[in-house]
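Participant: Quick one: sequence plus predicted model below, questions after.
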Amino acid sequence: MRIIAFVTEAACVQRILDPIGEPSTPPGISPCRGPPQWEETVEPVFLDDGVQPEPEYPLDQTVRW
């Protein structure tokens, strides 16, 4: 399929779409929805005390070009 024309004038679009039963106006904009409603609020559960262990290997952050 090739595009042979691109119709941009509203009057021409309406004359083409109305006889074939297609809507010639864009659909309305729906209102935005709110955040999801959770059934209950649950406090976060931390599995550790938040302290990370020291790595078992030496950490080298030097860059060699």
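Facilitator: Yep, it's here. Everything numeric in this text was worked out from a predicted model, so none of it was measured.

Participant: Quick one: residues contacting L17.
Facilitator: If you count contacts by CB atoms under 8 Å, 6 or more residues apart in numbering, L17 has them with P23, S24. Bear in mind the C-beta positions are built from the backbone N, C-alpha and C, glycine included.

Participant: For V7, see how far away it is.
Facilitator: 10 Å (CB to CB, to the nearest Å).

Participant: which neighbours do those two share?
Facilitator: Taking CB under 8 Å, 6+ apart as the contact rule, L17 and V7 touch no residue in common.

Participant: which regions of this protein lie under the pLDDT threshold?
Facilitator: 38-42, 44-50 (pLDDT under 70).

Participant: now the strands: where do they sit in it?
Facilitator: Counting by DSSP state E, the chain has no strands at all.

Participant: Count the neighbours of T25 for me.
Facilitator: Other residues lying near T25 total 9 when counted by other CB atoms under 10 Å.

Participant: Please list all residues in contact with it.
Facilitator: By CB under 8 Å, 6+ apart, the contact set of T25 is empty.
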